[in-house]
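Asker: Got a sequence here, can you model it:
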Amino acid sequence: MAERELEFVELTTGRASSVRLVVGKPERDGDDWIAPVAIDGPFGEHWENGGHGVDSLQALHLGLHLLSTMAAHRFRGRGTLTSRGGPWDGGLMTMVIPPAPDAGSHVP
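Answerer: Okay, the predicted model is just below:
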């Protein structure tokens, strides 16, 4: 469904390799949903998991969060990840939730 290509540079050797983050289309998993995620890591490494939710949107949201968490965990202390020539901040999506309106205000 979607992917992002990053570059990984090993701390000890300076060797560079590509890393591909992938999130698949959410699918039904019994009564719930799952959005499969995978990391094609440096030097042939590969990891898979999935974000589970009560609907496809929640599964997708949790899958993206899981993918960022997996990447941060897998590469911490081993080297650096870059995207578009700069450090990768670990973000794949930002969700802004506005504050609740005052009890007396009108929301259009």
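Asker: List the buried residues in stretch 56-76.
Answerer: Residues of stretch 56-76 classed as buried by neighbour count (16 or more other CB atoms under 10 Å): 56, 58-64, 66-68, 70-71, 74-75. Backbone N, C-alpha and C define where each C-beta goes, glycine included.
Asker: Could you report the neighbour count for the residue nearest to Ile39 when sequence neighbours are not counted?
Answerer: By the measure of CB to CB, 6 or more residues apart in numbering, the closest residue to Ile39 outside its immediate chain neighbours is Trp47, 4.8 Å from it. Residues near Trp47, counting by other CB atoms under 10 Å, number 14.
Asker: ok, Trp47 - contacts?
Answerer: Shown in contact with Trp47 (CB atoms under 8 Å, 6 or more residues apart in numbering): Ala38, Ile39, Gly41, Met70, Arg74.
Asker: Please look at the third one and Met70 and confirm they touch.
Answerer: No - in this structure Gly41 lies outside contact range of Met70 using CB atoms under 8 Å: 9.8 Å.
Asker: Partner strands of the lowest-mean-pLDDT helix or strand in the chain and their direction?
Answerer: Lowest by mean pLDDT, DSSP states H and E among the helices and strands of the chain is strand 86-87, with a mean of 79. Strand 86-87 has the following strand partners under DSSP bridges: strand 79-83 (antiparallel).
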